[in-house]
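J.: Sharing a sequence plus its predicted fold:
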Amino acid sequence: MAKCIMIQGTMSGAGKSLLVAGLCRIFRREGFRVAPFKSQNMSLNSFITADNKEMGRAQVVQAEAAGIAPDVRMNPILLKPTTDVGSQVIVNGIVQGNMKAMEYYRRKKEFIPAVLEAYQSLAEEYDILVIEGAGSPAEINLKQEDIVNMGLARLVDAPVLLVGDIDRGGVFAQLYGTVALLEPGERARVKGTIVNKFRGDRSILEPGLKSLEALCGVPVAGVVPYVRLDIDDEDSLTGRFSQNTAQKTLDIAVIRLPRIANFTDFSPFERYQNVSLRYVQRLAELGWPDIIFLPGTKSTIADLLWLRQSGLEAAIQKAAARGTMVIGICGGYQMLGRTVADPEGTEAAGVTQIDGMGLLDMETVFYEEKIQTQVKGVFSSVPGPLCALNGLAYEGYEIHMGRSREPRPPLEGSGPVYGSYIHGIFDAPGVSDAVLRPVCQKKGLDPGSLQSFDLREHKERQYDLLADTVRGGLDMDYVWRVVNREV
């Protein structure tokens, strides 16, 4: 059976996901078969595996860092928020339905067998499992039914390293306060603390670290420096949404829908030095971009209503009429059609039918059964400005409840408006180049001036940089002692 180590945090956004990815990369480099595990993830940024099952994107990133294929067992429970008080519940990659928060809380114990089965089967195949917690283990109102932090650590007998985020401030209070709120048996599982995202001279930190060790009764296992990485991150806490990107030679605007999902679809356009990719939430922010992307969403109807009320819908329609390229992915694609109908209340938006933006000649109807599948092929018969895509390979995955035109091409439209159900459609070599080429021609620019780089090689370099940073910040000898149960 695999050895294990668990990373828990003082809060959401403390850096658990990237630390797990970094450890996966480190252990892989040392010749071990390593896999990530997170029993329950809440995210709208999901992925479809080779066997057509759905899992959280964070565990996909961690699997990539470990050099293995994403496997739904790495994230047996995925919660995709549909409202402020409810989520779609996905167990072992299959939708179980929508549940209010209290209903899921009452039923959590029913899912423990699925969690343990996934964990045990991974443990039989790998040498080390690196487990990620969620939020904080000191949420004292939720601890009784916990299956993702100390509750899981107890079930699989995992030693824990507790990480705090010094960049937000108050890291000593975060770490000591969390330890103090744990029960004695839980405290015994904490084998060390980690100060994450540190900027500056560590020697200034040393007196605080010594006091922290005395207060918590465990060593500080490391101080990990703050580092800028280009690695896919989670939904609401991503820095992509808050960064104020200055407009460059080509300007791309992604509409930041309230329930935006799979925003990583647009990451390939961030690899161009002279292309700006901005996430726009207000009409005043839109300006006159060269391309407008409408992303996926967990609630097409609710977000279309928001788009309409914000004034962004009218602005996008006017931009398309002027010849600005508009591309919708999944829910954004559905919005571009003539109507969106939800007769069975699948989206729980309280609306059974709504007019779309009328930029594509199609209609969408939602059904209970979810389509989730990996897809690949070669573009053909793409008309208009994006005809350069023809002959290029594409691959990606579909996750949607709605049904639109059948048979459905991978990319629909005739220019300047296009849409697709395929997440990751821009990832394959040459695809993003072909999308940008007509925009460059329209502006009289040389496409070579955008200065791109190989995305897959870039990702590998980023994982290596992450591993180097984590290794340099942690006391890896002590981490190995934790893994080997020597402390």
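T.: Cool, got the structure.

J.: remind me which residues of this protein are low pLDDT?
T.: 233-246 (pLDDT under 70).

J.: Identify, by residue count, the longest helix of it.
T.: helix 455-473 (DSSP state H).

J.: helix or strand right after that helix?
T.: Counting by DSSP states H and E, the next helix or strand C-terminal to helix 455-473 is helix 476-483.

J.: what's the neighbour count on the residue lying closest to Leu155 once chain neighbours are set aside?
T.: Closest residue to Leu155 apart from its sequence neighbours, by CB to CB, 6 or more residues apart in numbering: Leu116 at 6.4 Å. Backbone N, C-alpha and C define where each C-beta goes, glycine included. By the measure other CB atoms under 10 Å, the count of residues near Leu116 is 16.

J.: Report the secondary structure element holding Leu116.
T.: Assigned by DSSP H and E, Leu116 falls in helix 112-123.

J.: list the helices and strands that helix packs on?
T.: Applying 3 or more CB pairs under 8 Å, 6 or more residues apart in numbering; DSSP states H and E, we find helix 112-123 packed against strand 34-37, strand 128-132, helix 150-156.

J.: And the shortest one, what does it pack against?
T.: Under the contact definition 3+ CB pairs under 8 Å, 6+ apart, strand 34-37 sits against helix 16-29, helix 57-66, helix 112-123, strand 128-132.

J.: now swap in the second one and tell me
T.: Taking 3+ CB pairs under 8 Å, 6+ apart as contact, the helices and strands that strand 128-132 lies on are strand 3-9, helix 16-29, strand 34-37, helix 57-66, helix 112-123, helix 150-156.

J.: tell me which residues in the fifth one are buried?
T.: Across helix 112-123, burial judged by 16 or more other CB atoms under 10 Å covers Ile112, Val115, Leu116, Ala118, Tyr119, Leu122, Ala123.

J.: go on, the second one?
T.: Within helix 16-29, the residues that count as buried by 16+ other CB under 10 Å are 16-28.

J.: could you dump that helix to CSV, C-alpha only?
T.: Taking C-alpha atoms only, helix 16-29 is exported to CSV below (Å, rounded to 0.1, in the frame of the first residue of the first chain):
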residue,chain,number,x,y,z
LYS,A,16,-2.6,23.7,-0.8
SER,A,17,-3.2,22.8,-4.4
LEU,A,18,0.1,24.1,-5.7
LEU,A,19,2.1,22.6,-2.7
VAL,A,20,0.5,19.2,-3.5
ALA,A,21,1.5,19.6,-7.2
GLY,A,22,5.0,20.6,-6.2
LEU,A,23,5.4,17.6,-3.9
CYS,A,24,4.0,15.3,-6.6
ARG,A,25,6.7,16.6,-9.0
ILE,A,26,9.4,16.2,-6.4
PHE,A,27,8.5,12.6,-5.6
ARG,A,28,8.2,11.8,-9.2
ARG,A,29,11.7,13.2,-9.9
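
J.: isn't Tyr463 right next to Ala65, touching?
T.: Yes - using CB atoms under 8 Å, Tyr463 is in contact with Ala65, at 4.7 Å.

J.: So for these two, which sits in the more crowded spot?
T.: Set Tyr463 next to Ala65 and count neighbours by other CB under 10 Å: Ala65 wins out with 29 against 22.
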